[in-house]
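Asker: Quick one, what's the 3D model for this:
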Amino acid sequence: MATILYCFDLPLDSLDGLEEIHRVIRPPRGRDFSDEELRHLLPEAEVVCTVFGRPFGGELMALAPQLRLIANYGVGYDNIDLDAARAHGIVVTNTPRAVIAATAELTFALLLACSRRVIELDGLIRRTPGTRPRIGRMEYLGFDLEGETLGILGYGNIGAAVARRARAFGMKVYYYKRHRLRAVEEEDEGISYLPMDELFARCRVLSVHTPYSAETHHLIDARALAKMRRDAVLINTSRGAVVDEAALLEALTAGRIAGAGLDVFEQQDCASAGLSALPQVAMTPHTGTATTSTRRAMALEQLAAVRAFLSGSSDLPRVL
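Answerer: Sure, this is the predicted structure:
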């Protein structure tokens, strides 16, 4: 029997018999454990189920001498100190499958909002209640997705799901990843490879789907933005710090790129005042997985990882 500590309010009423085999500690419904409560409970925990947005660093790991697994609720795991986990011999898992469709769909929601200038037009209507806004027939023009070029930076599961949706809209899809796909895979998926700088320069839309790491910090910086087309739109549903937000704000303000759709931001997912003031920027507050079915599926994927680990299986969504 293992002691399993859930740090957060899990969106599942039942753990499908897990409580009958192991000791499961969950917070009261409707809230997460406080930091103080967590510190009190960690010495007993062999498995910790934590959640995106809640930091879990070496200080907390040091309070849990029996800890063997950290199962993260979310595909991103930058909330977990992997170096500390490695030093303590702790396995770390995530939930990579459940998040794919919802994140890809939000990517397209932001893309459509930018391509058809939804934020600007919505604001225009709200400023003139009861009156049809007077706009000229050549004002507030967007652009068609059909026939346009989409560049996907970081071609993993989510990037591939975005590519499938883009092809359904009739877009030409290009991608960059460190390890290029085989030619037969590119043909099957209807995509073409471009080196990173050429991806920036050629594509009308650049959609970022690379994980965050020291290597990808500010991958989209002033240099990268300068290579993009003046009519280009940047979409980011990965992690905020992959994009140099100050450089992005400058490029947007100066008209060096046309717009941006952002679900993530550099400063703790908080949009800057500068970005918030720009009508050509569509924003959501890190809600890529915020659908009822996806949040439940993430909980089930996390639960499956815990079960697999405790049964001794090596078939885990393991990041460490």
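
Asker: show me the contacts for Asn79.
Answerer: The contact partners of Asn79, by Cβ atoms under 8 Å, 6 or more residues apart in numbering, come to 50, 52-56, 72. The way it works is simple: take the backbone N, C-alpha and C, and place the C-beta from them, glycine included.

Asker: Repeat that for Leu121.
Answerer: Taking Cβ under 8 Å, 6+ apart as the definition, contacts of Leu121 comprise Tyr140.

Asker: so where does it fall, helix or strand?
Answerer: Using DSSP states H and E, Leu121 maps to helix 118-127.

Asker: model confidence over that helix, on average?
Answerer: Per-residue confidence for helix 118-127 averages out to 95 on the pLDDT scale.

Asker: same deal with stretch 175-188?
Answerer: Mean pLDDT, taken over the full extent of stretch 175-188, equals 97.

Asker: Kindly export it (C-alpha atoms) in CSV.
Answerer: Once side chains and other backbone atoms are set aside, the C-alpha atoms of stretch 175-188 remain, and they are given as CSV (Å, rounded to 0.1, in the frame of the first residue of the first chain):
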residue,chain,number,x,y,z
TYR,A,175,7.0,22.9,-39.8
TYR,A,176,10.3,23.0,-38.0
LYS,A,177,11.6,20.6,-35.4
ARG,A,178,15.1,19.6,-34.4
HIS,A,179,14.7,16.1,-35.8
ARG,A,180,13.0,16.2,-39.2
LEU,A,181,10.4,13.7,-40.0
ARG,A,182,10.9,11.0,-42.6
ALA,A,183,9.8,12.0,-46.1
VAL,A,184,7.0,9.4,-46.0
GLU,A,185,5.7,10.9,-42.8
GLU,A,186,5.8,14.4,-44.3
GLU,A,187,3.9,13.1,-47.3
ASP,A,188,1.3,11.3,-45.2
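
Asker: contact partners of that stretch?
Answerer: Counting by Cβ under 8 Å, 6+ apart, the neighbours of stretch 175-188 from elsewhere in the structure are 151-156, 159, 163, 189, 191-196, 199.

Asker: Now which of the residues you listed would you call buried?
Answerer: Neighbour counting over these (16 or more other Cβ atoms under 10 Å) leaves 151-156, 159, 163, 189, 191, 194, 199 as the buried ones.
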